[in-house]
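# I would like the atomic coordinates for the input below:
(2 chains)
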Amino acid sequence: GNSVTQMEGPVTLSEEAFLTINCTYTATGYPSLFWYVQYPGEGLQLLLKATKADDKGSNKGFEATYRKETTSFHLEKGSVQVSDSAVYFCARRYSSASKIIFGSGTRLSIRP
Amino acid sequence: EPEVTQTPSHQVTQMGQEVILRCVPISNHLYFYWYRQILGQKVEFLVSFYNNEISEKSEIFDDQFSVERPDGSNFTLKIRSTKLEDSAMYFCASSGDTGTGGYEQYFGPGTRLTVT
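Residues are numbered from 1 along each chain as shown, chains lettered A, B, ... in the order given. Now for the predicted structure:
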């Protein structure tokens, strides 16, 4: 079916480590892809997005590239900070105003 | 920066009671949504609303749920007879910026509903 699968957490890293959170999707057609972040006690914030194949979304040092061949949208950051500790959700959307389908979320904890 | 607001931040109710969760979407947005997140689980779509009617709803959104935009600013989710399994964080979102033409969904901070 149409879904989003992301690596299970929790993920614990030391400050300045390299981060990858894997995300793959199954879908017909070409959805828009997103990463949302949920900091402790807060709501969902859009972190980055990509709307077509080979697009790279980036924000706050995070990047993700829309890979049609592997149906993936992995989140990466070269050097994480303690303030990056949060839950990260991969998500997709088919059309401009349609619902967002979220992955299960990956909890990231960064040790000082 | 404009933001989506939700009230209350936490609602405790007894099973069988009715609750109304309130949202104020971003003022020039056209599309409105409710999602929920049961503790420790994924965020799930409930319903979308456009032009004063429901445009899509999920299987979760059964007859005990309803949505309304009673005036030009509020968007409400009513649960008629709450069940224990309705305990969750409920997020409102809005999109469709008439000014920029953007369709990013902006989420509110959520209302935590606890049914006892």
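
# chain A contacts on chain B?
Within chain B, the positions lying close to chain A (CB under 8 Å from any CB of the partner chain) are B:30-31, B:33, B:35, B:41-45, B:48, B:50, B:55-56, B:58, B:91, B:93, B:95-96, B:103-110. From N, CA and C alone the C-beta is placed, and that goes for glycine too.

# quick one: mean pLDDT for the stretch of helix or strand residue A:33 belongs to?
Assigned by DSSP states H and E, residue A:33 belongs to strand A:32-38. Per-residue pLDDT values across strand A:32-38 average out to 94.

# and if you look at stretch B:97-108?
Averaged across stretch B:97-108, pLDDT comes to 80.

# residues touching stretch A:67-83, excluding its own?
Contact with stretch A:67-83 is made by A:13, A:15-27, A:30, A:33, A:35, A:47, A:50, A:53-54, A:61-66, A:84, A:88, A:90, A:108, A:110-112, as judged by CB atoms under 8 Å, 6 or more residues apart in numbering or on different chains.

# typed the wrong thing, it's stretch A:104-111
A:5-15, A:17, A:19, A:21, A:38, A:80-89, B:41-43.

# try 6 Å this time
A:6-7, A:9-15, A:21, A:80, A:82, A:84-85, A:87-89, B:42 (CB atoms under 6 Å, 6 or more residues apart in numbering or on different chains).

# low pLDDT regions in chain A?
A:1-2 (pLDDT under 70).

# near chain B, which residues of it?
With the criterion set to CB under 6 Å from any CB of the partner chain, chain A comes near chain B through A:43-44, A:46, A:96-97, A:99, A:102, A:104.
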